[in-house]
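# Here is my input, please return the structure:
(one chain, ligands or ions: 2)
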Amino acid sequence: MDISKYLEVSEEVKDALKNNRPVVALESTIISHGMPYPQNVETALNVEKIIRDNGAVPATCAIIKGHLKCGLSKDEIELLGKGGSDIPKASRRDIPVLLSRGSNGATTVTTTMMIASLAGVRIFATGGIGGVHRGAETTMDISADLEELSSTRVMVICAGAKSILDLGLTLEYLETKGVPVIGYGTEELPAFYTRKSGFKVDYRIDTPEELAKAFKVKEDLDLKGGMLVTNPIPEQYSMDPDVINRAIDEAIAECEEKNIKGKQTTPFLLARIAEITGGDSLASNIRLVYNNAELAAKTAAELCKLR
Ligand code: PSU
Ligand code: MN
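Residues are numbered from 1 along each chain as shown. Ligands and ions are numbered 1, 2, ... in the order given. Got it, this is the predicted structure:
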């Protein structure tokens, strides 16, 4: 099968990959479903700029008119941002129907990893991943992101997991699936809006060079599955744990009351938490994404040196 029927890699990304120059993949669910317009578009463009300023090529991924795209134009980013919740949130299960219909789709961590891997991009920066939701022992709400991390070899750099998830169960799941969880400059799993969670990561790594070296071992041995790098939000942008945890609890209670389920859960919680905190959580969210983009660009550059 000729994959080019479905996969469209931008000229810039293609060129960088061909010449062993660093490339960083970026997701689009964060644009359409993770932040309001116009901050979402502004953030997505700033993230691309930060990656360029750090010497790498950004490859924002999405489904556009039935194609898996790696590397978007400004207009495409604008379309995804303006479209917001009208753009289908696309996880692995959504690919067949969205592509066969020629639809657009905002790619989650799962589908962005898939596209990155198909295109040959090895590093991916985002804000937060999906995981085992609180109450999953009865709802069985476990994000497909964890399955993808177990099978697709892409390094995912995030700011840890927020406590809308059950962090302990998320770590157990990742352990079972053989996914290394790395703390960047920390032994403790960061909790997205805050630097601490009370849970330990598997390994602490302090430099982009060492991150790249660990990932290279995975490639050399052809070990399947990703590597999860958790990068704490910079101190000056982190939130008061009491304030954010109260907001999260309140949002989760409302989510249950309103009987919101499935793929709507994460976007609903993010939007409610931003409202409850008067926009403070959104400001922190934006900052941690910038921080991850910078680390991803530096790590991608180190990985290119190891070829
Ligand atoms: N966590 C965030 N912001 C996000 C997401 C998660 O802080 O935008 C998005 C990511 O795209 C992630 C997806 O892959 O939500 C997980 O959704 P679900 O739990 O429905 O699998
Ligand atoms: Mn889910």
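
# how close does residue 78 sit to ligand 1?
Residue 78 sits 18 Å away from ligand 1, going by CB to the nearest ligand atom, to the nearest Å. Glycine gets a C-beta too; all of them are placed from N, C-alpha and C.

# Equivalent analysis for residue 237, please.
15 Å.

# do the same with residue 24
For residue 24, the distance to ligand 1 - CB to the nearest ligand atom - is 16 Å.

# And residue 178, by the same measure?
Distance, residue 178 to ligand 1, by CB to the nearest ligand atom: 20 Å.

# Neighbours of that residue, how many?
The number of residues packed around residue 178, counting by other CB atoms under 10 Å, is 13.

# got it, and residue 123?
Neighbours around residue 123, by other CB under 10 Å: 32.

# what residues are up against it?
Residues in contact with residue 123 (CB atoms under 8 Å, 6 or more residues apart in numbering) are 22, 23, 24, 25, 154, 155, 157, 296, 299, 300, 303.

# mind running it again at 10 Å?
Neighbour list for residue 123: 22-25, 51, 56, 59, 116, 154-157, 208, 211-212, 215, 227, 229, 295-304 [criterion: CB atoms under 10 Å, 6 or more residues apart in numbering].

# Apart from its neighbours in sequence, what residue is nearest it?
Distance criterion CB to CB, 6 or more residues apart in numbering; nearest residue to residue 123, sequence neighbours excluded, is residue 300 at 4.4 Å.

# Buried residues, the one helix or strand the one you found maps to. List them.
Using DSSP states H and E, residue 300 sits in helix 280-305. For helix 280-305, the buried set under the neighbour-count rule, 16 or more other CB atoms under 10 Å, comprises 280-282, 284-304.

# now do stretch 150-157
Within stretch 150-157, the residues that count as buried by 16+ other CB under 10 Å are 150, 152, 153, 154, 155, 156, 157.

# swap in stretch 59-68?
Per 16+ other CB under 10 Å, stretch 59-68 contains these buried residues: 59, 60, 61, 62, 63, 64, 67, 68.

# before we move on, what about stretch 242-257?
For stretch 242-257, the neighbour count (16+ other CB under 10 Å) marks 244, 245, 247, 248, 251, 252, 255 as buried.

# Which residues are in contact with the third one?
The neighbours of residue 247, taking CB under 10 Å, 6+ apart as the test, are 193, 239, 269, 272, 273, 274, 275, 276, 277, 278, 280, 281.

# ok, so what distance separates the residue minimising distance to the centre of the chain from residue 73?
With distances taken as CA atoms, centre = their mean, residue 126 lies nearest the centre of the chain, 3.4 Å away. The gap separating residue 126 from residue 73 is 20 Å, by CB to CB, to the nearest Å.

# got it, and residue 303?
Distance, residue 303 to residue 73, by CB to CB: 26 Å.

# low-scoring stretches of the stretch 1-150 of the chain, by residue?
For the stretch 1-150 of the chain, not a single residue meets the criterion pLDDT under 70.

# buried sites along stretch 67-79?
Going by neighbour count (16+ other CB under 10 Å), the buried part of stretch 67-79 is 67, 68, 69, 70, 71, 72, 76, 77, 78, 79.

# how about the residues of this structure that lie near ligand 1?
With CB under 6 Å from any ligand atom as the criterion, the chain meets ligand 1 at residues 27, 29-30, 33-34, 91, 108-109, 127-130, 143-145, 162, 263, 266, 270.

# and the residue nearest to the centre of the chain, what is it in contact with?
By CB under 10 Å, 6+ apart, residue 126 lies in contact with 25-27, 29-30, 34, 47, 108-109, 112-113, 145, 156-159, 288-289, 292-293, 296.

# how does it look with 6 Å?
Residues counted as contacts of residue 126 (CB atoms under 6 Å, 6 or more residues apart in numbering) are 27, 109, 158.

# for residue 205, same thing?
The contact partners of residue 205, by CB under 6 Å, 6+ apart, come to 182, 211.

# what about it, distance to ligand 1?
Distance of residue 205 to ligand 1, computed by CB to the nearest ligand atom: 22 Å.

# swap in residue 124?
Distance of residue 124 to ligand 1, given as CB to the nearest ligand atom: 11 Å.

# Next: residue 9.
21 Å.

# show me where the chain has helices.
Under the criterion DSSP state H, helices of the chain are mapped to 11-18, 29-32, 39-53, 74-83, 95-101, 109-119, 136-139, 144-151, 167-176, 208-220, 241-257, 265-276, 280-305.

# quick one, which of these is nearest to residue 199?
Taking CB to CB, helix 167-176 is the member of the helices of the chain nearest to residue 199, at 5.2 Å.
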